[in-house]
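Colleague: A predicted structure for the sequence below; I have some questions about it.
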Amino acid sequence: MSAAEPRRRGRPAGARSGDPATRERILAAARTEFSERGYDKASIRGIAKAAGVDAALVHHYFGPKDQVFEAAVELVFAPALDLPDVVARSAAGDMGERLTRFFLGIWENPVSRQPLLAVVRSAVANETAAAVFRRLVTVQLLRRVADELEGGDRELRAEMAAAQLVGVMMLRYVIRIEPIASADPEQVVAIAAPAVQRHLEPSRD
């Protein structure tokens, strides 16, 4: 292409269109941008600048901002995608403990906790971010957990168990209310797991 020839509309600039390293660099920049600025203040231009690419390339890979956010959330969410396997390996009587210990383990790890905090804060503050987060949680986790349960109202019971765990995580890691914020993880598991287990068990009526 000569210097005088105009660039074709929609062709991204700054990096090759099929380069996996470029895609991962954009995702890393997006995760940082959403973490530091939140969903509302994050921008495609800011993500592109941090990744060292043209904004058109971000659109080329991921589309508008909500889709960039969803791709970044999926990356952050990766450790939680093992949850259905944890449930499948659980006996009926210890599923609550396994789930509680699994979730607590993800949040106790600083590497996974920081991006999760950013995702949760964005979801709480912005309805578009909340819709993306809700869709991922529903499709990737809750429905797959519900499929492993027996009895009626499986999806509702899975959601009630998740609500119990989300409440613990919000108080411990986001709002940081004492004494739960500094309680020993084993103590948290011992107290929370029986409640989670009750939600997972089918009604005896």
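Modeller: Happy to help now that I have it.

Colleague: show me this structure divided up by domain.
Modeller: With automatic domain parsing as the criterion, the domains of the chain are listed as 12-63, 77-200.

Colleague: of all the ones you listed, which one is nearest Glu70?
Modeller: domain 77-200 (4.6 Å; Cβ to Cβ). (Glycine included, C-beta is placed from N, CA and C.)

Colleague: how far does the closest one sit from the chain's center?
Modeller: Distance, stretch centre to chain centre, for domain 77-200: 11 Å (Cα atoms, centre = their mean, to the nearest Å).

Colleague: what's the most buried one of the domains of the chain?
Modeller: Ranked by mean neighbour count under mean count of other Cβ atoms under 10 Å, the domains of the chain are led by domain 12-63, which reaches a mean of 18.

Colleague: could you check how far that domain is from the centre of its chain?
Modeller: 18 Å.

Colleague: i'd like the first residue to be 216 from this point on
Modeller: With 216 as the first residue, the last one maps to domain 227-278.

Colleague: report the rounded mean pLDDT for it.
Modeller: Domain 227-278 shows a mean pLDDT of 85 in the predicted model.

Colleague: run through who's touching the helix or strand hosting Ile262.
Modeller: For Ile262, the host element (DSSP states H and E) is helix 259-266. Here helix 259-266 makes contact (Cβ atoms under 8 Å, 6 or more residues apart in numbering) with 237, 240-241, 243-245, 247-248, 252, 269-270, 272-274, 279-280, 283.
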